[in-house]
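> Just need the structure, nothing else, for what follows:
(chains A and B)
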There are 2 protein chains.
Amino acid sequence: MAHHRGPTKGKPAPELPGTFTLGEILRCPPGPVDVERDFDPAATPHFPGKGKDDAPVEYARMQPVLDGLQERLYAHSFTHPDSAQRVLLVLQGMDTSGKGGVIRHAIGMINPQGVSIHAFKAPTAEELRHDFLWRVRRALPGPGQIGIFDRSHYEDVLIGRVDHLAAPDEIEARYDRINAFEREVVAGGARVIKCFLNVSKDAQKARLAARLAPGGVKYWKYNPSDLASRAKWDDYMAAYGVVLERCNQDEAPWYVIPADRKWYRNWAVARLLAEALAGMNLTWPPADFDVEAERARVAQS
Amino acid sequence: MAHHRGPTKGKPAPELPGTFTLGEILRCPPGPVDVERDFDPAATPHFPGKGKDDAPVEYARMQPVLDGLQERLYAHSFTHPDSAQRVLLVLQGMDTSGKGGVIRHAIGMINPQGVSIHAFKAPTAEELRHDFLWRVRRALPGPGQIGIFDRSHYEDVLIGRVDHLAAPDEIEARYDRINAFEREVVAGGARVIKCFLNVSKDAQKARLAARLAPGGVKYWKYNPSDLASRAKWDDYMAAYGVVLERCNQDEAPWYVIPADRKWYRNWAVARLLAEALAGMNLTWPPADFDVEAERARVAQS
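Residues are numbered from 1 along each chain as shown, chains lettered A, B, ... in the order given. Model prediction:
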């Protein structure tokens, strides 16, 4: 009767266009990192089209792939509540690097039912009374979900370090604690993908100016305090360098996303996410009921 | 100096195509309701195209309108944390009526950053120890958000009534309590839009059969217990009739969405949401900083 239990036909998951693995190209290499020396924010490695004009076509090719893979992930958790599989995508970057743009354009390709987004702001009074990872654990995605962190626990070693928000030995201890935390998340069934959206200082300036353009459509995105962070650009780049060196274990790798070209940045994050999902070898879950019998019941209903 | 504070140019919000108001057509009228007598699940009122083949074009026209309106809502809450404006979209309907399809295709048009989705399942042990509205309050959308309820507090007077999950006088009391709750939510700054996805019994049968089609791609959507609800179809229609009559106040109206044609259903919910947002007269928030001064600061940074 095994064939009555309704195994699926093993229809393969949608295939990613192209034979390259973007994750291999954008993965931050091990060792000391000097962000501005080591990475080109304007690069566009492996983008299949010629440039910006081809982006809509490439997005349209990516969308069904990402959508199909995500649906398999969701379906599995739906039918197997004990399934632990899930994805955590961490987005970090300086102001204007495009965390919001990635969510809009790359995550927007996916069925919103399978996505949970958490934006980490300055900690509340309650959050400050707990360990820095407390609020992060509470925001982890559930089974079958793709969780997006718009900023993350890395703020606690970025602004935390730059603005001396904790004692130096506390900051120092956090790198190892983050690694242990992320190993725990991975052991719990999650794929962890961390993207540093690497925007250049010049591109940031242009984007800040664009937010102040006449008409006021983007005034709401502008915050005068952004210039305070910009003034500490070198400190931030140094802090990112430490993060990329010390929290880059294979279980929870960092990818450095060239972010001066928005169309590339969005495509690249979507591609990385699709590659991670494809690597999970997701199949449609088999039926846990007698398919023939249920067909007969429906026909008679 | 007032002009320096950077008022926006009052660029009008994107306009909805067509001059009709779908909400007037699909609004459930007051008085007693006999669902199957009063509403045609296969109707397609005001759909601008000829039918299914035109749906992609109509979705493509709707998307930027919905997206543009949502961004204004989001922007306002972003710059004015005291703003209370938000939207709550309640989706109810029998199995296969397409709550998930609406989320995928209509809500999928919107920037996921501005959306919060909550699926209400059978209450947990903890939830059962509280009043039926306890878990609902906790799931309400924050300011600037469009919250989607995939099922809702109405389950407590639908399956609750049909399967006698509470005493008759408790069920009876819930209609007024729901009305009071929804008035409170509206007073708190939310627009409440409730959509009953009205699928016919025949269409449900075809959709259940499709979930069992060879290949198994949709097995995961099939649950043998769905037939138990289907066997109580008349009881459910009666329970929906009571809901549509007793919980249909102007502050939180019910819309009856013909749901036999998926392409119409998704378009109609997107349109209703866009009409609600358009009715909020959202504008880009003015700058609360000196725009000229900030331009100069950016230029020098």
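> number of nearby residues for residue A:239?
Residues contacting residue A:239 under the criterion other Cβ atoms under 10 Å in any protein chain shown number 20. C-beta: built from backbone N, CA, C; applies to glycine.
> By mean pLDDT, which helix or strand of chain A comes out lowest?
helix A:55-79 (a mean of 92; mean pLDDT, DSSP states H and E).
> Is the most centrally placed residue in chain A bridged to anything, and to what?
The centroid of chain A falls nearest to residue A:89 when counting by Cα atoms, centre = their mean (2.6 Å). Here residue A:89 sits in beta bridges with residue A:148, residue A:193, going by DSSP bridges.
> Just read off the phi/psi values of the residue of the stretch 101-250 of chain A found nearest chain B.
When scored by Cβ to the nearest Cβ, the stretch 101-250 of chain A has residue A:216 as its residue closest to chain B, at 3.2 Å. With angles defined as degrees, to the nearest 10, residue A:216 sits at phi 80, psi 10.
> how close does the residue nearest to the centre of chain A get to residue A:196?
Remark: distance between residue A:89 and residue A:196 (Cβ to Cβ, to the nearest Å) = 12 Å.
> What of residue A:234?
16 Å.
> And those two? Which one has more around it.
Neighbour count, other Cβ under 10 Å: between residue A:234 and residue A:196, residue A:196 has more, with 25 against 11.
> Packing partners of the helix or strand in which the more buried one is found?
Assigning secondary structure by DSSP states H and E places residue A:196 in strand A:190-198. The contact analysis (3 or more Cβ pairs under 8 Å, 6 or more residues apart in numbering or on different chains; DSSP states H and E) places strand A:190-198 against strand A:86-93, helix A:99-105, helix A:168-187, helix A:233-246, strand A:254-258, helix A:262-278.
> Output the ones you listed as JSON lines; include the columns mean pLDDT.
Formatted as JSON lines, the helices and strands packed on strand A:190-198 follow (pLDDT from 0 to 100):
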{"stretch": "strand A:86-93", "mean pLDDT": "98"}
{"stretch": "helix A:99-105", "mean pLDDT": "97"}
{"stretch": "helix A:168-187", "mean pLDDT": "98"}
{"stretch": "helix A:233-246", "mean pLDDT": "98"}
{"stretch": "strand A:254-258", "mean pLDDT": "98"}
{"stretch": "helix A:262-278", "mean pLDDT": "97"}
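> Can I get those in TSV including distance to residue B:192?
As requested, these are arranged in TSV below (distance: least, Cβ to Cβ, whole Å):
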stretch	distance to residue B:192
strand A:86-93	32
helix A:99-105	26
helix A:168-187	37
helix A:233-246	43
strand A:254-258	40
helix A:262-278	34
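> among those, which is nearest residue B:18?
Residue B:18 sits nearest to helix A:99-105 of all these, at 26.5 Å, using Cβ to Cβ.
> before we move on, back to that, isn't the residue nearest to the centre of chain A right up against residue A:195?
Yes. In this structure, residue A:89 is within contact of residue A:195 by Cβ atoms under 8 Å, at 6.9 Å.
> Please enumerate the shared neighbours of these two.
Shared contacts of residue A:89 and residue A:195 (Cβ atoms under 8 Å, 6 or more residues apart in numbering or on different chains): residue A:269.
> picking that back up, just the mean pLDDT for the strand holding residue A:196, thanks.
Model confidence over strand A:190-198 averages 98 on the pLDDT scale.
> What is the burial count for residue A:124?
By the criterion of other Cβ under 10 Å, residue A:124 has 9 neighbours.
> circling back to that earlier point, and the residue nearest to the centre of chain A, how far is that from residue B:291?
35 Å.
> repeat for residue A:95
From residue A:95 over to residue B:291 (counting by Cβ to Cβ), the distance is 18 Å.
> how about the nearest residue to residue A:95, chain neighbours excluded?
residue A:226 (4.6 Å; Cβ to Cβ, 6 or more residues apart in numbering or on different chains).
> likewise residue A:35?
Residue A:35's closest residue in space is residue A:237 (Cβ to Cβ, 6+ apart), at 4.7 Å.
> do residue A:55 as well
residue A:263 (3.7 Å).
> wait, isn't that neighbour in contact with residue A:49?
No. The criterion here is Cβ under 8 Å, and residue A:263 misses it with residue A:49 at 9.0 Å.
> Spit out the residues that contact those two alike.
Joint contacts of residue A:263 and residue A:49 (Cβ under 8 Å, 6+ apart) are residue A:55.
> out of these two, which sits in the busier spot?
Neighbours were counted for residue A:263 and for residue A:49 using other Cβ under 10 Å; residue A:263 has more, 20 against 15.
> Tell me who's in contact with that one.
Contacts of residue A:263 (Cβ under 8 Å, 6+ apart): A:51, A:52, A:55.
> Out of the residues you listed, flag the one nearest to residue B:230.
Nearest to residue B:230, judged by Cβ to Cβ, of the contacts of residue A:263 is residue A:55 at 45.8 Å.
> who are the neighbours in contact with the closest one?
By Cβ under 8 Å, 6+ apart, residue A:55 lies in contact with A:49, A:263, A:264, A:266, A:267.
> Apply 10 Å and report the result again.
Residues in contact with residue A:55 (Cβ atoms under 10 Å, 6 or more residues apart in numbering or on different chains) are A:47, A:49, A:105, A:261, A:262, A:263, A:264, A:266, A:267.
> Check residue A:166 too.
A:132, A:156, A:157, A:160, A:172, A:173, A:174.
> which stretches of the stretch 1-150 of chain A aren't confidently modelled?
A:1-13 (pLDDT under 70).
> so how many other residues sit close to the nearest residue to residue A:96 once chain neighbours are set aside?
Nearest in space to residue A:96, with sequence neighbours left out and distances taken as Cβ to Cβ, 6+ apart, is residue A:207 at 3.9 Å. Using other Cβ under 10 Å, the number of residues around residue A:207 comes to 21.
> Which positions in the least confident helix or strand of chain A come out as buried?
A:55, A:58-59, A:62-63, A:65-79 (16 or more other Cβ atoms under 10 Å in any protein chain shown).
> same question, stretch A:239-251
A:239, A:240, A:241, A:242, A:243, A:244, A:245, A:246, A:247, A:248.
> excluding its backbone neighbours, what's nearest the second one?
Ranked by Cβ to Cβ, 6+ apart and with sequence neighbours excluded, the top spatial neighbour of residue A:240 is residue A:35, at 5.3 Å.
> Contact partners for the one you found?
Here residue A:35 is in contact with A:28, A:41, A:196, A:198, A:236-241, A:243-244, A:256 (Cβ under 10 Å, 6+ apart).
> distance of it from residue A:192?
Counting by Cβ to Cβ - residue A:35 and residue A:192 are separated by 21 Å.
> Ok, residue A:204 next?
From residue A:204 to residue A:192 the distance is 27 Å (Cβ to Cβ).
> neighbour-wise, which of those two wins?
residue A:204 (24 against 20).
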